[in-house]
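Undergrad: Structure, please.
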Amino acid sequence: AASIGDEWFTEHPVLQTATPTHSIIPIGLHGDDAGVQGGEQVLVITFNSLLSPQSTFDSRICLTMVRVSQLTQDVLHKISEVLRWTLDRAAKGRFPTSNHEGKTFVSKWDPNCGDSIVDPIRAKLAGKLIGNGIRAAWSELRGDWKFLKELLHLPYHYGCHGGGRICHRCKVLKFTDDPEYRYTNFLQTAGHRQSICGHREFMAMMTAAAVVSPILFVIGFHVTRIIFDALHTLDLGIYQVVVPAGLKELAAVGSRVWEGSTIQAKLDAAYKDYTFWRKGHRVKTYVSKPFKQAAWLK
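TA: Next up is the predicted model:
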């Protein structure tokens, strides 16, 4: 980010105000309906340092878990308020003097203290440096489309109906006769790639909505750091279109990749090659039947 002059990096408030005495830790958030308790799905929100080389299990710290059946928009909004408060305190590098509702921490009850909350430990730490100068720079928000849509109140997403926009940054369409804006157009010259909005345009659109997510105001938040989970986006997403489309081109009449006088004959040869490669590399398969031309969507 530094080498390419990335806007998120060059304008990050934490990096702009950091001194040589500060230790900056890039922080990432992740959310997904991954957990299960008693047969119910549970939203799990975690955070981690992006510098950690450890496995997911050993590097992420759980912030909260909520049963999906109890996850109303009001509950998610309150969670967002606490997340923003937590991340902002970490970004400033000092222990908080008040909680996320603005109630001051006091060591003991005093009727003259106004709107306060008794918390001796936090009252003692209030305003002091965290870890002798450690500051956290918000750097990523990761998750599947469902989580990001609900947390940020994204107006455009893959579940939108009616053939409208499905992306919060560009004008790509799910259903359209215009190949320039169809979501399956992966060309670098595609029309939707030329319609990507910047951070300021995105914030203007989002803050003008009736309901605004507190996460948008986290110190260092930037639209380019909203990152879709690779598993959902790729393996369960566009690969389902890209892989068969590529196979169709490689097995087309006239192609010399596989032997065969018909498309189906070429697909049979392709499946044999695939099986040979898979067994040689000890890769588990989810394709239990040979490739069939009839399985393609027209």
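Undergrad: For Leu173, grab phi and psi.
TA: phi -120, psi 150 (degrees, to the nearest 10).
Undergrad: That one pairs with what?
TA: Arg165, Arg182 (DSSP bridges).
Undergrad: Look up how far Lys248 lies from it.
TA: Per C-beta to C-beta, to the nearest Å, Leu173 is found 22 Å from Lys248. Backbone N, C-alpha and C define where each C-beta goes, glycine included.
Undergrad: of those two, who's got more company?
TA: Using other C-beta atoms under 10 Å as the criterion, Leu173 and Lys248 rank with Leu173 on top: 21 against 15.
Undergrad: can you list contacts of the lengthiest strand in the chain?
TA: Ranked by residue count and defined by DSSP state E, the top strand of the chain is strand 23-37. For strand 23-37, the surrounding residues in contact (C-beta atoms under 8 Å, 6 or more residues apart in numbering) are 14-15, 18, 41-51, 60, 63, 65, 67-68, 83, 87, 90, 131, 133-144, 146-148, 151, 229.
Undergrad: same thing but at 7 Å, please
TA: 14-15, 18, 41-51, 60, 65, 67-68, 87, 90, 133-144, 147, 151, 229 (C-beta atoms under 7 Å, 6 or more residues apart in numbering).
Undergrad: mind listing the strands for the chain?
TA: With DSSP E as the criterion, the chain has strands spanning 23-37, 40-49, 61-67, 104-106, 116-118, 134-143, 226-228.
Undergrad: Let me have the ones you listed in a markdown table, extended by mean neighbour count and mean pLDDT.
TA: Converted to a markdown table, the strands of the chain look like this (neighbours: other C-beta atoms under 10 Å; pLDDT from 0 to 100):
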| stretch | mean neighbour count | mean pLDDT |
| --- | --- | --- |
| strand 23-37 | 18 | 87 |
| strand 40-49 | 18 | 91 |
| strand 61-67 | 13 | 91 |
| strand 104-106 | 19 | 92 |
| strand 116-118 | 16 | 89 |
| strand 134-143 | 22 | 94 |
| strand 226-228 | 17 | 91 |
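Undergrad: out of the ones you listed, which comes closest to Arg94?
TA: strand 134-143 (9.1 Å; C-beta to C-beta).
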